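Enquirer: curious how this folds, go ahead:
(2 chains)
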Number of protein chains: 2
Amino acid sequence: MTTMSRSVHNFCAGPCVLPDEVLAELADELPNFDATGMSLIEMSHRSGDYDKVHHETLDLLRQLTSAPDDFSIMFIQGGASLQFAMLPMNVLPADRTAGYVVSGTWGKKALADAEKLGSAYSAWDGADGGYARMPTVDELDIKPGTSFLHVTSNETIGGIRMAEFADPGIPMLADMSSDYLSRPIPWDRFAVVYGGVQKNLGPAGMAVVFARTELLDSIPSGVPAYLSYNTHHKGDSLANTPPMFTIWATNKMLKWIKANGGLEAMDARSERRSGVIYDAIDSSNGFYRSPVDAASRSRMNIVFRLADEDLEAAFLTEADANGMKNLKGHRSVGGIRASVYNALPDASVDALAQFMSDFAASHG
Amino acid sequence: MTTMSRSVHNFCAGPCVLPDEVLAELADELPNFDATGMSLIEMSHRSGDYDKVHHETLDLLRQLTSAPDDFSIMFIQGGASLQFAMLPMNVLPADRTAGYVVSGTWGKKALADAEKLGSAYSAWDGADGGYARMPTVDELDIKPGTSFLHVTSNETIGGIRMAEFADPGIPMLADMSSDYLSRPIPWDRFAVVYGGVQKNLGPAGMAVVFARTELLDSIPSGVPAYLSYNTHHKGDSLANTPPMFTIWATNKMLKWIKANGGLEAMDARSERRSGVIYDAIDSSNGFYRSPVDAASRSRMNIVFRLADEDLEAAFLTEADANGMKNLKGHRSVGGIRASVYNALPDASVDALAQFMSDFAASHG
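Expert: Numbers count the residues shown, from 1 in each chain, chains lettered A, B, ... in the order given. Predicted coordinates for the structure are as follows:
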């Protein structure tokens, strides 16, 4: 093993930081799983050894999220991007319509695919406000006869989140990719919850989809095999070869979340940790500013600007030199973005707040 | 690291055996990639470190396969199963038809999805012969006006392969999942070549798709984003978060193939190694028998029966006790199946041949 420490602070918004112990276990067990003489990733996905990991991962997801029994849990490759297409193919047959909340880049992409494949429309679009906030229920334009409301619980790029899942009067379909398993999920509000695992749950390679089983009865028969939720539901996500490494690593990450108190604890932790950085912004006497509405501030992706935007490049360079990596805002919006996913150590948050204070003092 | 040796012989037909050195490197580099202080799987997929691995993997694929410049190479999650749907969505718009060679389970699945999505028909079906052989070109029933012929170069379950890619007079679309990169690819015969990586190329988690770029101009605009080859082609397979671990492991496996002589060497090796096992069958005086046509014998998945089928359970138990794992035939056909993918050591093949001889001597 290389000797350099993993002491950098990784604020990456995409594939997430993982706990040191999860990476160490994966590395240790990779060549020879449980004294079988094989790597887990060399095994048949129908072997007993793999099967145990696979079903334990499904069980951990149900346990941690408290998903009711009438939700199927599925591992499907392709991330949330493929779900943007699968969702309308599966739950929006000709007689069902969904309104979409367009709260940023991801909501927009979800709607674009839904319009191609089913009956879908924009129930709210935050473009005029620069996608700086989430709508209230009262602002939604839900047409009569609409079956579902699609929401993005957290917009990674804009740095906004739905602070609560207020009842819009119809069941919601939710892309939770970027705050998945960092907060409890009020199941009575949702028909389908989905998200890529690569922010809070594990390495890139799949989405986890929770769907009410009653919806699976009305999937159109013309949906091809891999794209039908029924294939994955009936086959326990083993109908074809699953992404075994991603599932194995997610299993370890779920155990880490459980050992650290589960979703209530992750929720409290994200409030506290994001609060440390928002405080650093708010107490900077205008040196830093948050471009988003206070009520919609994300606890996962903290986006901010420097009042003097010309200083942002220096901020990023000095932060990087101090071991704080991946703080550059998304290329479409610029600025700074600190992503504070489940596995980011508290020390990274504290280091950033201190650095922000020091940088403001020396450049203010 | 656990101390038990990796001395088992892994004849698994699904996710494949990987070279010891590939697994050792992955384990060594997993916690801290190239002294960056981060794991590669924790990085942004838009970072320079990951980008280098990603593009090197694409370059290695082009180099090893000698794919011409007018083929796009794409990493797409979902394995060959998702390609069964994407292929007709992308290359079989209303005015194009494909004949499918149904040579076994995989050909049948490919056709089932194509019939749902486009204009496709069976150009040959081996059901009457128990899927024990591939057709000759003369036997194909290609209707006038057909644009493509879809083939499965190797049927994993039946244990048959297309020994040569004879010219059917129209371009072929080929699922090469189970003999991918174990033989040269005569590009002038093909419009699209695809396959899951989990047999010969790496751990499960994606397909590699080679498609003629001229086909990408006529993809219907209604195809949703992830399901369009254009998304992956134009985005260099980085349009959304790619399966980074699978790509990284595939990178190492491709280097291993290159260091071991490339596709010509893999081809010669597969002929020699499968020959050792077929010889053990053919020289057993009927104790073992091959159920497949001699001209269609797979070099990857060697399927055989014992003349006394009641002895098969004992064969599998004794083989397992001797460290020879995953030799059971697919549940749909029974019998024995030895999969001899690229990374299986020669010693495993020799051990199996010796065991077959010993078992026949003691039970014959």
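
Enquirer: go ahead and confirm A:Lys255 touches A:Leu60.
Expert: Yes. A:Lys255 is within contact range of A:Leu60, at 6.8 Å (criterion: Cβ atoms under 8 Å). The way it works is simple: take the backbone N, C-alpha and C, and place the C-beta from them, glycine included.

Enquirer: find the nearest non-adjacent residue to A:Ala120, please.
Expert: In this structure, A:Ala120 finds its nearest non-sequential neighbour in A:Ala114, 3.6 Å apart by Cβ to Cβ, 6 or more residues apart in numbering or on different chains.

Enquirer: tally of neighbours for the one you found?
Expert: 24 (other Cβ atoms under 10 Å in any protein chain shown).

Enquirer: likewise for A:Ser362?
Expert: For A:Ser362, the count of nearby residues is 8 (other Cβ under 10 Å).

Enquirer: what residues of the helix ranked longest in chain A count as buried?
Expert: Ranked by residue count under DSSP state H, the longest helix found in chain A is helix A:262-282. By 16 or more other Cβ atoms under 10 Å in any protein chain shown, the buried positions in helix A:262-282 come out as A:262-263, A:266-267, A:269-270, A:273-278, A:280-281.

Enquirer: and the nearest residue to A:Arg96 once chain neighbours are set aside, what pLDDT?
Expert: Nearest residue to A:Arg96 in three dimensions, chain neighbours excluded: A:Ser147, at 4.2 Å (Cβ to Cβ, 6+ apart). At A:Ser147, the model reports a pLDDT of 98.

Enquirer: I'd like the distance between the closest residue to chain B within the stretch 251-364 of chain A and B:Gly48.
Expert: Of all residues in the stretch 251-364 of chain A, A:Asn326 sits closest to chain B, at 5.8 Å by Cβ to the nearest Cβ. Distance of A:Asn326 to B:Gly48, given as Cβ to Cβ, to the nearest Å: 12 Å.

Enquirer: in terms of neighbours, single out the busier of the two.
Expert: The residue with more neighbours, out of A:Asn326 and B:Gly48, is A:Asn326; 25 against 9, by other Cβ under 10 Å.

Enquirer: quick revisit: what sits against the residue nearest to A:Arg96?
Expert: Applying Cβ atoms under 8 Å, 6 or more residues apart in numbering or on different chains, we find A:Ser147 in contact with A:92, A:96-98, A:170-171.

Enquirer: flag the shaky bits of the stretch 201-350 of chain A, pLDDT-wise.
Expert: Judged by pLDDT under 70, the stretch 201-350 of chain A has no weakly predicted residues.

Enquirer: quick one: the strands in it?
Expert: A:207-212, A:288-289, A:301-306, A:324-325, A:336-339 (DSSP state E, counting those that start in this stretch).

Enquirer: can I assume A:Asp350 is in contact with A:Asp279?
Expert: No. Between A:Asp350 and A:Asp279 there is no contact under Cβ under 8 Å: 11.6 Å.

Enquirer: just to revisit the earlier point, check contacts around the residue of the stretch 251-364 of chain A closest to chain B.
Expert: A:10-13, A:339, B:43-44, B:47.

Enquirer: which one is it nearest to, not counting chain neighbours?
Expert: Closest to A:Asn326 by Cβ to Cβ, 6+ apart is A:Cys12, at 3.9 Å.

Enquirer: how much space is there between the residue nearest to A:Ala120 and B:Gln198?
Expert: Distance from A:Ala114 to B:Gln198, by Cβ to Cβ: 31 Å.

Enquirer: what do you get for A:Arg96?
Expert: 36 Å.

Enquirer: for those two, work out which one has more neighbours and name it.
Expert: A direct count of neighbours by other Cβ under 10 Å for A:Arg96 and B:Gln198 places B:Gln198 higher, at 30 against 17.

Enquirer: so which bits of the stretch 151-300 of chain A are right by chain B?
Expert: Counting by Cβ under 8 Å from any Cβ of the partner chain, the stretch 151-300 of chain A comes close to chain B at A:196, A:198, A:203-206, A:222-227, A:239-246, A:249.

Enquirer: now, which of the residues you listed lie within helices?
Expert: Using DSSP H, the subset of those located in helices is A:244-246, A:249.

Enquirer: the strands in the stretch 1-150 of chain A, which residues?
Expert: A:9-10, A:71-76, A:97-102, A:119-125, A:148-152.

Enquirer: got the buried residues for the third one?
Expert: The reference is to strand A:97-102. So strand A:97-102, judged by 16+ other Cβ under 10 Å, has buried residues A:97-102.

Enquirer: distance to chain B and pLDDT for the residues you listed - can I get that in CSV?
Expert: Below are those laid out as CSV (distance: Cβ to the nearest Cβ, whole Å; pLDDT from 0 to 100):
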residue, distance to chain B, pLDDT
A:Thr97, 17, 97
A:Ala98, 15, 98
A:Gly99, 19, 98
A:Tyr100, 14, 98
A:Val101, 19, 98
A:Val102, 16, 98
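
Enquirer: quick one, what contacts the residue nearest to A:Ile76 when sequence neighbours are not counted?
Expert: Spatially, and ignoring its direct neighbours in sequence, A:Ile76 is nearest to A:Ala207 (5.2 Å; Cβ to Cβ, 6+ apart). By Cβ under 8 Å, 6+ apart, the contact list for A:Ala207 reads A:75-80, A:82-83, A:177, A:194-197.

Enquirer: got the phi and psi for the residue of the stretch 101-250 of chain A found nearest chain B?
Expert: Evaluated by Cβ to the nearest Cβ, the stretch 101-250 of chain A has A:Pro224 as its residue closest to chain B, separated by 3.6 Å. The phi and psi values for A:Pro224, taken as degrees, to the nearest 10, are phi -70, psi 160.
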